[in-house]
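Chemist: model the following, please.
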Amino acid sequence: MSARLAALVPPKIASAGPAVGAQASRMATVVDFYSKLPKGPAPTKSVGVNPVSLYKARYFSGDNASGKPFIHAIVGLFLVGYTIDYNMHLKHHKNGHH
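Modeler: Purely as a prediction, here's the structure:
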């Protein structure tokens with residue numbers, strides 16, 4: 001873990017004294033590299049096109065969080081149970097009972 005973290009931390013190449021010779025060119029390269037990095041917060045990611053990511057963005061992420069997914073789960077379980085019960089009932093009448 002620390003090896004991966006160490007790769008993200010910039011090297012300590014600057015000294016308290018004035019830069020001379022090779023150290024100055026190396027410092028200029030590092031300054032040039034870091035000046036090209038983007039500044040500010042990272043841009044927001046766009047929502048994907050699959051239904052799961054759209055549902056997550058609509059009901060779970062940010063200020064849109066709500067309890068509607070619980071209602072959706074209850075209704076979905078009811079529909080699955082009703083469908084199974086209805087099919088069992090049809091199988092019961094298939095043989096001409098009552």
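
Chemist: next, find the distance separating residue 82 from residue 71.
Modeler: Distance of residue 82 to residue 71, computed by Cβ to Cβ, to the nearest Å: 16 Å. Any C-beta I mention is one placed from the backbone N, CA and C, and that applies to glycine too.

Chemist: pLDDT below threshold where in this protein?
Modeler: Scanning the chain for pLDDT under 70 picks out the ranges 1-20, 96-98.

Chemist: burial count for residue 23?
Modeler: Neighbour count for residue 23, taken as other Cβ atoms under 10 Å: 14.

Chemist: got it, and residue 27?
Modeler: 14.

Chemist: which element is it on?
Modeler: Residue 27 is part of helix 22-35 when elements are defined by DSSP states H and E.

Chemist: now the helix or strand following that helix: how far from the chain's centre is it?
Modeler: Counting by DSSP H and E, the next helix or strand C-terminal to helix 22-35 is helix 51-59. Centre-to-centre, helix 51-59 and its host chain are 11 Å apart (Cα atoms, centre = their mean, to the nearest Å).

Chemist: output the contacting helices and strands for the helix or strand just after helix 51-59.
Modeler: Downstream of helix 51-59, the next assigned helix or strand under DSSP H and E is helix 68-94. Contact analysis of helix 68-94 by 3 or more Cβ pairs under 8 Å, 6 or more residues apart in numbering; DSSP states H and E lists helix 51-59 as its packing neighbours.

Chemist: dump the C-alpha coordinates for the helix it packs on into CSV.
Modeler: Provided in CSV are the C-alpha atoms of helix 51-59 (Å, rounded to 0.1, in the frame of the first residue of the first chain):
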residue,chain,number,x,y,z
PRO,A,51,-30.6,0.9,-16.8
VAL,A,52,-28.8,0.2,-13.5
SER,A,53,-26.6,3.4,-13.7
LEU,A,54,-29.6,5.5,-14.8
TYR,A,55,-31.7,4.1,-11.8
LYS,A,56,-28.7,4.7,-9.4
ALA,A,57,-28.3,8.3,-10.7
ARG,A,58,-32.1,8.9,-10.4
TYR,A,59,-32.8,7.5,-6.9
